[in-house]
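Colleague: Here is my input; please provide its structure:
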Amino acid sequence: MSSGSAEDLYAALGVTRSASADDIKKAYRKLARKYHPDVNPGNKVAEEKFKSISRAHDVLSDPNKRKLYDEFGEAGLQAGFDPARAREYAAWQGRGTQADFGDAFAQQPGTRYHSFEDVFGDIFGAGAASSGPARGSDAEHEVQIAFLDAVRGVSTTLSVERTDTCSVCGGSGQQRGAGTRQCPECGGRGQIRAAQGPMAFVRTCPRCNGAGEIGLQSCSACGGGGQTRRTERLAVRIPPGVDNGSRVRVAGKGGPGYGGGPPGDLYLAVRVTPHPLLERRGDDLYLDVPVTVGEAARGGQITVPTPDGDVRVKIPPGSQSGRALRVRGHGVPHRSGGGRGDLYLRVMIHVPDHGAPERLKSAIDAIDAAYASDLRAGLRF
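Modeller: Just a heads-up that it's a prediction; the model follows:
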């Protein structure tokens, strides 16, 4: 049941239908760097190419969307699409009732006409096939932040490419005051033939949205599309505790709604830069802490850094290298709310450099003499 145009999104990224998720990601990044509007200011061709590859990536990088696209083509990407009912409809077609989207509307003897939305509207969800208000699509933008910003949270400003309702025509795509004419798609009926068989079905005309007429002139600002692209500076707050791969929702900053519907949301895909000293495991943090031979042998208190500032920590006497000490509540805040992880300090004993003064060598010899047995006696295979 896959659409004949299903190759289009793959072709936009220059990959085959069998491409892996990594192949799709690499292809998108390569093309995005080449065609991004910031790299090609004022270049309309590059702008259109960037929109094309962005949409292709949005669909093909999402396993669920990609599966629907491969099976149903563009129809599978519409809001509220029900694949189970679509398969039932395909099976019905396979019994000898082929879809016919021709422009013949003459009622045949014995044929009863029904609204396509009434009979098959639930394939796309209630009201999805009508010309009523519809929510805009969601968008995604990648943002890279430092490790400690991910732990603590950070406010930042992003430049995001967004699609907005055209401010000139209000999203109609028609030049205001230019007059209207009969829709050539439906002949002024507002509906077009969708199928024939035991019954014939009609659906709302997609060109005039059921109005039966269209404008005489397309909007000069949007070219008739009803939408425009622009770069917007957004002040966003990344909450504490996000991790690499987290998605942060920015409400109402996705694609514009249709017919007065609400806009979609923007999702920030977070990429966290590794820290040279700290390691994260879930909501716990790990830090290697160098200590002297004396601090490990005698014990004592040392000062160590945490994401919240310095703290004093007790080193137990006789600590061995690799021993983990827990500092409660100094890890990563739980995103679910309430509490946070812990910070684990790994004791790492450091001996003096080989260039230590002669007086230290005798002390080291004394320490070696204190060992009661061979440390590696049990190191056998």
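
Colleague: May I see the buried residues of the longest helix along the chain?
Modeller: With DSSP state H setting the assignment, residue counts place helix 44-60 as the longest helix in the chain. Buried positions in helix 44-60, judged by neighbour count with 16 or more other CB atoms under 10 Å: 46-47, 49-54, 56-60. (C-beta placed from N, C-alpha, C; glycine too.)

Colleague: wait, which of those residues is closest to Phe147?
Modeller: Proximity of the buried residues of helix 44-60 to Phe147 (CB to CB) peaks at His57, which lies at 26.5 Å.

Colleague: For the closest one, which non-adjacent residue is closest in space?
Modeller: Tyr28 (4.0 Å; CB to CB, 6 or more residues apart in numbering).

Colleague: Give me the phi and psi for that neighbour.
Modeller: Main-chain torsions, Tyr28, degrees, to the nearest 10: phi -60, psi -50.

Colleague: pLDDT below threshold where in the stretch 51-200 of the chain?
Modeller: 79-80, 88-132, 172, 194-200 (pLDDT under 70).

Colleague: what's the longest helix of the chain packed up against?
Modeller: The contact analysis (3 or more CB pairs under 8 Å, 6 or more residues apart in numbering; DSSP states H and E) places helix 44-60 against helix 7-13, helix 21-35, helix 63-72.

Colleague: List the buried residues in the shortest one.
Modeller: What that stands for is helix 7-13. Applying 16+ other CB under 10 Å to helix 7-13 flags Leu9, Tyr10, Ala12, Leu13 as buried.

Colleague: Hmm, the second one is touching Ala27, no?
Modeller: When you say that, I think you mean Tyr10. No. The criterion here is CB atoms under 8 Å, and Tyr10 misses it with Ala27 at 9.5 Å.

Colleague: Now for the two: what residues contact both?
Modeller: Here Tyr10 and Ala27 share the contacting residues Ala19, scored by CB atoms under 8 Å, 6 or more residues apart in numbering.

Colleague: would you turn the buried residues of helix 7-13 into JSON lines with pLDDT and distance to Tyr344?
Modeller: Formatted as JSON lines, these follow (pLDDT from 0 to 100; distance: CB to CB, whole Å):
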{"residue": "Leu9", "pLDDT": "90", "distance to Tyr344": "46"}
{"residue": "Tyr10", "pLDDT": "89", "distance to Tyr344": "46"}
{"residue": "Ala12", "pLDDT": "89", "distance to Tyr344": "47"}
{"residue": "Leu13", "pLDDT": "91", "distance to Tyr344": "43"}
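
Colleague: closest to Arg271 among these?
Modeller: When the buried residues of helix 7-13 are compared against Arg271 (criterion: CB to CB), the nearest one is Leu13, at 20.2 Å.
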